[in-house]
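>>> When you get a sec, could you give me coordinates for this:
(4 chains)
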Protein chains: 2
Amino acid sequence: MRARSGAGTRLRLEGFVPFRLNRLAAGVSGHLAEIYRGPLALEVPEWRVMATVGERGGCTAQQIVASTRMHKTRVSRAIAQLLRRRLIARLPSPGDRRERPLRLTGAGRRMYARLVPLALARERALLGCMSRGELRGFVTGLARLEESLGLKNR
Amino acid sequence: MRARSGAGTRLRLEGFVPFRLNRLAAGVSGHLAEIYRGPLALEVPEWRVMATVGERGGCTAQQIVASTRMHKTRVSRAIAQLLRRRLIARLPSPGDRRERPLRLTGAGRRMYARLVPLALARERALLGCMSRGELRGFVTGLARLEESLGLKNR
DNA sequence: CACAAACAGTTGCGGGCGCAACTGTCTGTC
DNA sequence: GACAGACAGTTGCGCCCGCAACTGTTTGTG
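Okay, here's the model as predicted:
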């Protein structure tokens, strides 16, 4: 019975899953950011806000916080930036005037439409290093961890 | 043939692997940080430096940069902090006087010895949500991605 | 209706981070 | 030996972030 990962008494950072996940996420994030940082001058929080608003066809800051798990101030500042650039706009207001629902503007929709295929292509390229079975196993583990940490949406 | 992850033309953030990895890494990191942030007043960069120095029984800043992929200024500041607290110390100097090799002090070794079992226990708890087979599949995918992105040590 | 508590979102503040430029050391070339 | 370029590590600067406190709105309770 061999110890696979962290079952020993010694800490090898190279095999320590929390560390590996952080390093990997940073690497992937940096790789992905190439498609929106330089060319479109979006930062990570703005990109996530656009992705969330675009996907849902409109939502509130609170919904973005809930699904992305970003801090609400980070979301707030990203929204302010996107409003300034007129990539998103506020909807009049429904019943509850505390909420300020957001939607993409025309320019925002165009940028979103340009970003989505690039992002999906990057993801495909990233995951191309795995066989179909390996990918399935990896994503299963990912889902287990998300569920265990209560990260699933909503 | 069903599309598993990002094979469609629509972007669902909830199923987008780069996003999920970031969210997961942040969650795991926050969870792990409980063992060293409050009680020992270590921040993530300091923890990583201690872990690296402790594991290797002494190393240079450059080696920490290479294996953790942290930015060199972040490493430099973490080292400065640990020096101030006398948890690490500089070794005299070998041949090359540009390098300033580091080792743990007595207090540093004691703290390291206390941290390691806690960190490993956290990792075990984290991974406890997966069966043995699932864990193997997940770690395999992790390794594929690391290799593909050139994150492997050295 | 009045008031307290909860909630959506914003902002001042302090701290951490990456970038670029720096110091000091080493190495190769003539 | 002198000098240019590479390298290890540090630091000034500006920006981003999280925390705590705030505004404005809604909801529940009497």
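>>> all contacts plus neighbour counts: C-alpha atoms, from now on.
Fine.
>>> Quick one: the helices in chain A, in order.
Under the criterion DSSP state H, chain A contains helices at A:17-33, A:44-56, A:61-68, A:72-84, A:106-127, A:132-148.
>>> Tell me if the fifth one is near chain B.
Going back to what we said before, that points to helix A:106-127. Yes - interface with chain B: helix A:106-127 contributes A:116-117, A:120, A:123-124, A:126-127 (C-alpha under 8 Å from any C-alpha of the partner chain).
>>> So which residue is dead centre in chain A?
In chain A, the centroid-proximal residue (C-alpha atoms, centre = their mean) is A:Arg48; its distance is 5.4 Å.
>>> Please pick the buried ones from the residues of helix A:106-127 next to chain B.
Buried by 16 or more other C-alpha atoms under 10 Å in any protein chain shown: A:116-117, A:120, A:123, A:126-127, out of the residues of helix A:106-127 next to chain B.
>>> Turn those residues into a markdown table, including pLDDT.
Converted to a markdown table, these look like this (pLDDT from 0 to 100):
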| residue | pLDDT |
| --- | --- |
| A:Val116 | 96 |
| A:Pro117 | 96 |
| A:Leu120 | 96 |
| A:Glu123 | 96 |
| A:Leu126 | 96 |
| A:Leu127 | 97 |
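>>> DNA strand C contacts on chain A?
A:60-63, A:72-73, A:75-77, A:79-80, A:98-101 (C-alpha under 7 Å from any atom of the strand).
>>> Only the buried members of these: can you turn that into a ChimeraX selection?
In ChimeraX, this line selects whichever of these come out buried by 16+ other C-alpha under 10 Å:
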select /A:60,61,62,63,75,76,79,100,101
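>>> Looking at the residues of chain A next to DNA strand C, which is nearest chain B?
Chain B has its nearest neighbour among those in A:Gln63, at 12.9 Å by C-alpha to the nearest C-alpha.
>>> And A:Arg20, how close does it get to B:Leu145?
10 Å (C-alpha to C-alpha, to the nearest Å).
>>> what do you get for A:Ile88?
34 Å.
>>> which of those two has more neighbours?
Each of A:Ile88 and B:Leu145 has its neighbours counted (other C-alpha atoms under 10 Å in any protein chain shown); A:Ile88 has more, 25 against 21.
>>> How about the contacts made by the closest residue to that one other than its chain neighbours?
Closest residue in space to A:Ile88, ignoring its immediate chain neighbours: A:Leu104 at 4.3 Å, by C-alpha to C-alpha, 6 or more residues apart in numbering or on different chains. Going by C-alpha atoms under 8 Å, 6 or more residues apart in numbering or on different chains, A:Leu104 touches A:50, A:53-54, A:57-58, A:87-89.
>>> again, only this time at 7 Å
A:53-54, A:87-89 (C-alpha atoms under 7 Å, 6 or more residues apart in numbering or on different chains).
>>> and if you look at A:Glu34?
Taking C-alpha under 7 Å, 6+ apart, one finds nothing in contact with A:Glu34.
>>> Fine by me, we can end here.
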